[in-house]
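Asks: I need the structure of the sequence given here:
(chains A and B)
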Amino acid sequence: QKEVEQDPGPLSVPEGAIVSLNCTYSNSAFQYFMWYRQYSRKGPELLMYTYSSGNKEDGRFTAQVDKSSKYISLFIRDSQPSDSATYLCAMSGRAAGNKLTFGGGTRVLVKP
Amino acid sequence: DAEITQSPRHKITETGRQVTLACHQTWNHNNMFWYRQDLGHGLRLIHYSYGVQDTNKREVSDGYSVSRSNTEDLPLTLESAASSQTSVYFCASSDRETQYFGPGTRLLVL
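Replies: Coordinates of the predicted model:
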């Protein structure tokens, strides 16, 4: 069983809808939780990171961490076609800049 | 602007050949990483380094090696390329809070 599980999708939504993404994990030592966005044939880029449990909001993006359930989520409000990408969750036990364990990624398509 | 670059961007090689993928960053980060990305597996860490002369393996490191002689570069060597090493390889460097990824190298081993 993988340490981090993520539905591969694809997840197709109409423009303006809320996109809901999530990951589950098994390693209770994870303390730092990240979401990366990856466009086709590009390297991943960091969207948000959260330390421990709680919520964090940045513009249209909200990240939630529930350590008791070993479950993290990313919500994208007012989705745009430019949000079409693969979204990867990642986790670390020490620091966000430390070695990461990734989920498999969810492909998101936002249709105009 | 600081950046991280990888070369070559595409590489085709034959089974058994030695291949070296280059990674260069200009942020002066101590931490550097190599990942491979395959369908169904996401990004998997191969090697990492927390500074010059420091290198560490992970579970998928068989057949790969790295060396760190300066802060800027972490080349990844495939000692004897195998078809199972066909993949997209990403290099990253990080400060405490963020990993910055390069554009990737697509490697095909025939």
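
Asks: from here on, contacts and neighbour counts on C-alpha atoms
Replies: OK.

Asks: Number of residues surrounding residue B:106?
Replies: For residue B:106, the neighbour count with other Cα atoms under 10 Å in any protein chain shown is 19.

Asks: Each with direction, which strands does the one helix or strand it maps to pair with?
Replies: Element membership of residue B:106, judged by DSSP states H and E, is strand B:105-109. Neighbouring strands of strand B:105-109 in its sheet, by DSSP bridges, are strand B:10-13 (parallel), strand B:87-94 (antiparallel).

Asks: Dump these to TSV, plus distance to residue B:3 and mean pLDDT.
Replies: Supplementary listing: these in TSV, determined by distance: least, Cα to Cα, whole Å; pLDDT from 0 to 100:
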stretch	distance to residue B:3	mean pLDDT
strand B:10-13	19	97
strand B:87-94	10	95
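
Asks: Next, format these as JSON lines and append distance to residue A:111 and mean neighbour count.
Replies: Compiled in JSON lines, these are given as follows (distance: least, Cα to Cα, whole Å; neighbours: other Cα atoms under 10 Å in any protein chain shown):
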{"stretch": "strand B:10-13", "distance to residue A:111": "31", "mean neighbour count": "14"}
{"stretch": "strand B:87-94", "distance to residue A:111": "28", "mean neighbour count": "26"}
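
Asks: Mind putting those into JSON lines with distance to residue A:12?
Replies: Formatted as JSON lines, the strands paired with strand B:105-109 follow (distance: least, Cα to Cα, whole Å):
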{"stretch": "strand B:10-13", "distance to residue A:12": "31"}
{"stretch": "strand B:87-94", "distance to residue A:12": "25"}
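
Asks: Residue A:93: which of these is closest?
Replies: Across the strands paired with strand B:105-109, residue A:93 has its closest neighbour in strand B:87-94 (15.2 Å, Cα to Cα).

Asks: Other residues contacting the closest one?
Replies: Applying Cα atoms under 8 Å, 6 or more residues apart in numbering or on different chains, the set of residues contacting strand B:87-94 from outside is A:43, A:97-98, B:4, B:6, B:23, B:25, B:29-38, B:99-108.
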